[in-house]
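[1] When you get a sec, could you give me coordinates for this:
(one chain, ligands or ions: 1)
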Amino acid sequence: MSKGHVIVIGGGLGGLLAAIKLKEAGYGFTLLERNKGVGGTWHENKYPGCSCDVPVALYEYSFAPSLVWNKSFPIADEVEAYANELVARYDLSSGIRLEEGAEEAAWDEAAKLWHVRTSKGETLEAKAVIGALGQLNKPQWPAIEGLDTFEGPVMHTARWDRSVPFDNKRVGVIGTGASAVQLVPPMAATAEHLTVFQRSPNYIIPRPDQAITPEDKALFMSDLESAGKIGALMRELTFAAADLQTWKAFEWTPEGRAALTRRAKDHMEATITDPEIRKALTPDFPVGCRRILICDDYYEAIVRPNVSLETTHIARVLPDGVELKDGRTVPLDFIALATGFNTTDWRWSVDVKGLGGQYLHEAWASVPKAYLGITVTDFPNFFMMYGPNTNLGHNSITSMMEAQIGYVLKALSALEEKSAASLMPKREALEAFNRKLQSDLKKTVWGDETCGASWYKTDEGYITQNWSGTVQAYQAAVSTLKPEDYEWN
Ligand SMILES: Cc1cc2nc3c(=O)[nH]c(=O)nc-3n(C[C@H](O)[C@H](O)[C@H](O)COP(=O)(O)OP(=O)(O)OC[C@H]3O[C@@H](n4cnc5c(N)ncnc54)[C@H](O)[C@@H]3O)c2cc1C
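    Model (predicted):
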């Protein structure tokens, strides 16, 4: 018999994980996904070169290894295929409603139930709601004068239309972050000319990618027991290297910073010989402040004869190109916006209404705060995957989400054990957690005064996105549910 019904909002890897684990634990679920397909990030990002920066060994779920991968750093389409494989493997499709977004989720205190209104006008009921809405799916459209007057295609990386050709065209790429360094090499290969408009450069380290061939897969299949053991060891090793070593750069140890800075410097100097271009590509902030990029072919693309790196800022976009601040113009046929996402306002596409009719975006009007990044005072039986302050710069988001769903299931079991209908974190527990988190974050690279703006923090410098420590520390923090930190009703 079902232990009760839970509504999951969002069908990315987080929402699918929640559905799998709810089903295994005996709960009924309905998963609402506004897109045509599951996969979230990996369904939405169709730009050339889009891929995952974390090796498969660590990015696939620990309980669901797959043979879908053809590279150790998978391309986006493979991760999307993995999402679809999860749906089939765990028989989730009857609980998934595609092209049906959640518009409002309202807590009914009298009935101790959530009512979720969907984009199809239906209202669903559930004892709990899991918001799995992701941190990176509101494209940031840059405020550049004249952008809407451009006569050719203007495409954001997260809204890419593969049917629009860029071969033999004069392409401008605005931005130099994680999507730009993936996009530039494949576009440069067929564009007539490509200009990268750089506001500031980033640290880039090599990506030790490797093919996973059909022969490799046949070898795994020939001895599943050994393949399983090797997969688990690879995962453990990759996790340990990320969590125990790479983390040191973000923890701000001199050795951690020096090692990562050196790796990035060597990587650049191996390809870029011109001292002026080296200077233009060297960041003026410490390593780790912004996402460290993992890419082998960006610098090779920058030195191609048909590529220019433009460091003079853009003054305005013209119908047929771009005018720079120094008055020069760059003629263009196609503009690619690799300008990232709006992250820090935490205004979701669904209105979540808690106790006393208060909306979550009102509760979070100054800054978002969630206990362990999962629960919020005044929002009973509401849980989040990849919530505030659970992003990372050094390890896999999927590791964090596996820890989060474990905690959610503990909370749901605790309700049954206590014969309670609802739980929410006490305000003092949430505030104490957040004070400690923000104080720990101040000691990391992101809290250092030399570390300027990034998508991790607000304009005022408050860090809204990142967790303050290792994934191991997060796993330990969510390994038990402290009943005294919650109000039970
Ligand atoms: C280009 C790119 C590269 C990345 N690379 C890495 C990487 O290398 N390593 C890493 O760890 N992480 C990476 N990330 C982060 C990535 O987002 C996470 O790893 C993970 O995929 C997040 O899954 P999610 O389910 O939490 O969110 P998402 O994948 O964003 O899914 C959220 C889902 O919610 C849906 N949704 C939103 N609003 C509603 C609504 N109102 N009703 C119904 N559905 C709704 C969306 O349509 C979406 O499908 C990357 C992100 C991007 C954009």
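[2] host element of the residue nearest to T464 when sequence neighbours are not counted?
    What sits nearest to T464 in space, not counting adjacent residues and going by Cβ to Cβ, 6 or more residues apart in numbering, is T344, at 4.7 Å. Where C-beta positions appear, they are placed from N, C-alpha and C, glycine not excepted. T344 belongs to no helix or strand when elements are defined using DSSP states H and E.
[3] Now do T344 against I463, distance only.
    9 Å (Cβ to Cβ, to the nearest Å).
[4] what does W160 give?
    30 Å.
[5] From the neighbour counts alone, determine which of the two ranks first.
    Comparing W160 with I463 by other Cβ atoms under 10 Å, the one with more neighbours is I463, at 23 against 18.
[6] Name all residues that make contact with the more buried one.
    389, 438, 441, 446-447, 456-457 (Cβ atoms under 8 Å, 6 or more residues apart in numbering).
[7] Quickly list what it is bridged to.
    K457 (DSSP bridges).
[8] What pLDDT is listed against it?
    Looking at I463, its pLDDT reads 95.
[9] And the strands in the stretch 301-450 of the chain?
    For the stretch 301-450 of the chain, the strands defined by DSSP state E, counting those that start in this stretch cover 307-310, 314-318, 321-324, 329-331, 334-337, 351-353, 382-384, 423-425.
[10] so which of those strands is the most packed in?
    strand 382-384 (a mean of 25; mean count of other Cβ atoms under 10 Å).
[11] How far does that strand sit from its chain's centre?
    In terms of Cα atoms, centre = their mean, to the nearest Å, the centre of strand 382-384 is found 18 Å from the chain centre.
[12] before we move on, what about stretch 248-266?
    23 Å.
[13] can you list contacts of that stretch?
    203-206, 245-247, 282, 286-288, 292, 393-394, 443-446, 448, 469.
[14] and the stretch 151-300 of the chain, which residues reach the ligand?
    S179 (Cβ under 6 Å from any ligand atom).
[15] Now do the strands in the stretch 151-300 of the chain.
    154-156, 170-174, 193-197, 204-205, 293-294.
[16] residues touching the closest residue in space to L147 that isn't next to it in sequence, list them.
    Counting by Cβ to Cβ, 6+ apart, V317 is the residue found nearest to L147 once chain neighbours are left out, at 4.7 Å. Shown in contact with V317 (Cβ under 8 Å, 6+ apart): 144-147, 149-150, 323, 335.
[17] top of the residues you listed by neighbour count?
    Result: I335 is most packed of these (other Cβ under 10 Å), 22 neighbours.
[18] For beta bridges, what are the partners of it?
    V154, G172.
[19] do you know how far it is from Y298?
    Distance from I335 to Y298, by Cβ to Cβ: 19 Å.
[20] sorry, back to before: between T344 and I463, which contacts overlap?
    Here T344 and I463 have K457 as joint contacts, going by Cβ under 8 Å, 6+ apart.
[21] what sits against G373?
    384, 386-390, 404, 467.
[22] Closest residue of the stretch 51-200 of the chain to the ligand?
    Closest approach between the stretch 51-200 of the chain and the ligand, counting by Cβ to the nearest ligand atom: G134, at 2.2 Å.
[23] show me the contacts for that residue.
    10, 12, 14, 40-41, 386.
[24] Residue ranges of each domain in this structure, please.
    5-138+344-488, 147-208+238-337 (automatic domain parsing).
[25] And those domains: which comes nearest L219?
    In terms of Cβ to Cβ, the element of the domains of the chain nearest to L219 is domain 5-138+344-488, at 11.2 Å.
[26] Ends of the closest one, what's the gap?
    Length of domain 5-138+344-488, first residue to last, Cα to Cα, to the nearest Å: 19 Å.
[27] Give me the pLDDT for the most far-flung residue of the chain relative to its centre.
    Largest separation from the mean C-alpha position in the chain: G327, at 37.3 Å (Cα atoms, centre = their mean). You'll see G327 listed with a pLDDT of 98.
[28] Same check on W69?
    At W69, pLDDT is 98.
[29] any chance of the strands of the stretch 151-300 of the chain in a markdown table, plus mean neighbour count and mean pLDDT?
    Output for the strands of the stretch 151-300 of the chain, formatted as a markdown table (neighbours: other Cβ atoms under 10 Å; pLDDT from 0 to 100):
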| stretch | mean neighbour count | mean pLDDT |
| --- | --- | --- |
| strand 154-156 | 19 | 98 |
| strand 170-174 | 25 | 98 |
| strand 193-197 | 24 | 98 |
| strand 204-205 | 22 | 98 |
| strand 293-294 | 22 | 98 |
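[30] So which of those is nearest I212?
    Of these, nearest to I212 by Cβ to Cβ is strand 293-294, at 17.7 Å.
[31] A110 - how many residues pack around it?
    5.
[32] 47 is where my numbering starts, stick with that
    Right, with 47 as the first residue, what we last looked at is A156.
[33] how about low-confidence regions in the stretch 97-246 of the chain?
    Scanning the stretch 97-246 of the chain for pLDDT under 70 picks out nothing.
[34] which residues in it form helices?
    Remark: helices assigned in the stretch 97-246 of the chain by DSSP state H, counting those that start in this stretch are 102-105, 122-135, 224-236.
[35] Can I get those helices in a markdown table including mean neighbour count?
    A markdown table is the format used below for these (neighbours: other Cβ atoms under 10 Å):
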| stretch | mean neighbour count |
| --- | --- |
| helix 102-105 | 22 |
| helix 122-135 | 19 |
| helix 224-236 | 23 |
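[36] okay, these in CSV with distance to R143 next?
    Below are the helices of the stretch 97-246 of the chain laid out as CSV (distance: least, Cβ to Cβ, whole Å):
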stretch, distance to R143
helix 102-105, 26
helix 122-135, 13
helix 224-236, 29
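[37] Show me the one of those that comes nearest L455.
    Once the helices of the stretch 97-246 of the chain are compared by Cβ to Cβ, helix 122-135 is nearest, at 17.5 Å.
[38] Give me the helices and strands touching the closest one, please.
    Applying 3 or more Cβ pairs under 8 Å, 6 or more residues apart in numbering; DSSP states H and E, one finds that helix 122-135 contacts helix 59-70, helix 87-90.
[39] before we move on, back to that, the residue nearest to T510: neighbour count?
    21.
[40] could you list every residue that touches it?
    T390 neighbours (Cβ under 8 Å, 6+ apart): 501, 503-504, 510-511.
[41] Where neighbours are concerned, which of those has the most?
    Q511 (24 neighbours).
[42] correct me, but it touches P434?
    Yes. Between Q511 and P434 there is a contact at 7.3 Å, judged by Cβ atoms under 8 Å.
[43] Report the set of residues contacting both of those two.
    Going by Cβ under 8 Å, 6+ apart, no residue sits against Q511 while also sitting against P434.
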